[in-house]
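**Student:** okay, here's the prediction I keep looking at, along with the sequence it came from:
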Amino acid sequence: MNRYSPAKNAAIILTFVSLLIASGCSKNSTETINKWGDDLTRALTTENPFQEIELFYGTDRRPGGSTVPDKFFSNENGDLSWGACTVAVPYDKKIKNLKKSRFTMTSYGLSPAGSYTLKDVRPLPSRSFETILSKRIANNPDNSALVFVHGFNVSFGEAAQSTARMSYQMQYQGAPLFFSWPAQSDYRQDEQNAMSSVPKLTEFIKTVTEKLDAENIYLIGHSMGCLPLCKALTEVQLAPEDMARIRELILIAPDINRSTFAETILPRLHNTGALITVYISDDDEQLTLAHKKRAGVRLGDVVNNSDMPGIDFVDASKVDTSMSAKPRFVKKTTIYNDISSVIK
């Protein structure tokens, strides 16, 4: 990311300050100027930098008619559109700086972000999306791409923030992408919207796989987003060499009827050749809501899964599976460390 750096301006100001001191000033003026210089030096050497991640997205949300990033897209169905956006990342002392890549920017001299914040949304024609992203991946230290599909009752801005948080927590250096379908706050309506997004998500996955020269592609779904992701993967038409680049399908607390998955989805997923990891939990908030709305066992429930060989089931009940970038006062560790070990 080519971004303005305050360090250059600060260096100019420091030089100017030095010249003023050298030219002779009153004692009070000199003390004031020295204080400015000290403040600038502290700003340039602060241990908490300003950090940003650039993400690329696909969405079938209708534009919201606003230039405010969080309101740029509505929760209504629309056509498939493409673009890029930037998320400011709060500094975490345990993780420290973002790892350098063609999708990150770290600057000293600016106040660090207090929370994950969507800074801008930049729609792109599909061809520009492919060209820009292909160039970024070609010159990136990690020649891979990650595609995240969110769950129930998640806005476009929240999806971007969650993807940024995942990238930062995992110190992922590949291309971070997400697909945002028009989730609302009504569970039954969201089920319909998720399924109606399958054709557009299928097109998005096809484009990412065929047009981008990523060596490895990882698909990650959360909660209700797992169903359209699985459906899209079973329906996408790809050449064998392109399909082989989809290395992993990772489902986090998937809100899918377990019997439906085993009988109609899993046989077709096995044909893709992708490795499948399913994180199950008996303490996931969205799965708890799903049980209030739908009868039957969900794929994300903690049950005996010996009848589904070939899938790596991981009990994540003791970690936070929310995937939310909002501040959460929970003592649980996050799931990102384990995901990071899966995709590396």
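**Tutor:** Everything's here; your move.

**Student:** quick one: neighbours of K71, just the number.
**Tutor:** Burial of K71 is recorded as 15 neighbouring residues (other CB atoms under 10 Å). In short, each C-beta sits where N, CA and C put it, glycine included.

**Student:** SS state for the residue lying closest to A138 once chain neighbours are set aside?
**Tutor:** Once flanking residues are discounted, A138 sits nearest to D213: 6.2 Å by CB to CB, 6 or more residues apart in numbering. Taken by DSSP: H, G, I helix; E, B strand; the rest coil, the conformation at D213 corresponds to coil.

**Student:** next up, the contacts around D213.
**Tutor:** By CB atoms under 8 Å, 6 or more residues apart in numbering, the contact set of D213 is 134, 137-138, 143.

**Student:** which of these tops the neighbour count?
**Tutor:** Neighbour max across the contacts of D213 (other CB under 10 Å) = I137, 20 neighbours.

**Student:** what's the helix or strand for that residue?
**Tutor:** Per DSSP states H and E, I137 falls inside helix 126-138.

**Student:** what stretches of the stretch 1-150 of the chain score poorly on pLDDT?
**Tutor:** Residue ranges of the stretch 1-150 of the chain with pLDDT under 70: 1-47.

**Student:** which parts of it are strands?
**Tutor:** 50-63, 73-89, 104-107, 117-124, 144-149 (DSSP state E, counting those that start in this stretch).

**Student:** and the stretch 201-344 of the chain, by the same measure?
**Tutor:** So, for the stretch 201-344 of the chain - with DSSP E, counting those that start in this stretch - the strands run 216-222, 246-252, 275-280, 311-315, 319-320, 333-334.

**Student:** which other helices and strands contact the fourth one?
**Tutor:** Counting contacts by 3 or more CB pairs under 8 Å, 6 or more residues apart in numbering; DSSP states H and E, the secondary-structure elements packed against strand 311-315 are strand 275-280.

**Student:** residue contacts, the residue nearest to C230 when sequence neighbours are not counted?
**Tutor:** Closest residue to C230 apart from its sequence neighbours, by CB to CB, 6+ apart: I265 at 5.2 Å. Residues in contact with I265 (CB under 8 Å, 6+ apart) are 230-231, 234, 256.

**Student:** how close does I265 sit to I343?
**Tutor:** 22 Å (CB to CB, to the nearest Å).

**Student:** can I get stretch 253-270 in PDB, CA atoms only?
**Tutor:** This file holds the C-alpha atoms of stretch 253-270, laid out as PDB (Å, rounded to 0.1, in the frame of the first residue of the first chain):
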ATOM      1  CA  ALA A 253     -19.500 -23.300  14.300                       C
ATOM      2  CA  PRO A 254     -21.300 -24.100  11.000                       C
ATOM      3  CA  ASP A 255     -25.100 -23.400  11.200                       C
ATOM      4  CA  ILE A 256     -26.100 -26.200   8.800                       C
ATOM      5  CA  ASN A 257     -28.500 -29.000   9.400                       C
ATOM      6  CA  ARG A 258     -26.100 -32.000  10.100                       C
ATOM      7  CA  SER A 259     -28.200 -34.600   8.200                       C
ATOM      8  CA  THR A 260     -28.500 -32.300   5.200                       C
ATOM      9  CA  PHE A 261     -24.800 -31.800   5.200                       C
ATOM     10  CA  ALA A 262     -23.900 -35.500   5.500                       C
ATOM     11  CA  GLU A 263     -26.400 -36.600   2.800                       C
ATOM     12  CA  THR A 264     -26.300 -33.900   0.100                       C
ATOM     13  CA  ILE A 265     -23.300 -31.700   0.600                       C
ATOM     14  CA  LEU A 266     -20.400 -33.800   1.900                       C
ATOM     15  CA  PRO A 267     -20.400 -36.300  -1.000                       C
ATOM     16  CA  ARG A 268     -19.900 -33.400  -3.400                       C
ATOM     17  CA  LEU A 269     -17.300 -31.700  -1.300                       C
ATOM     18  CA  HIS A 270     -15.100 -34.800  -1.300                       C
END
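
**Student:** that's all I had, so thanks and see you.
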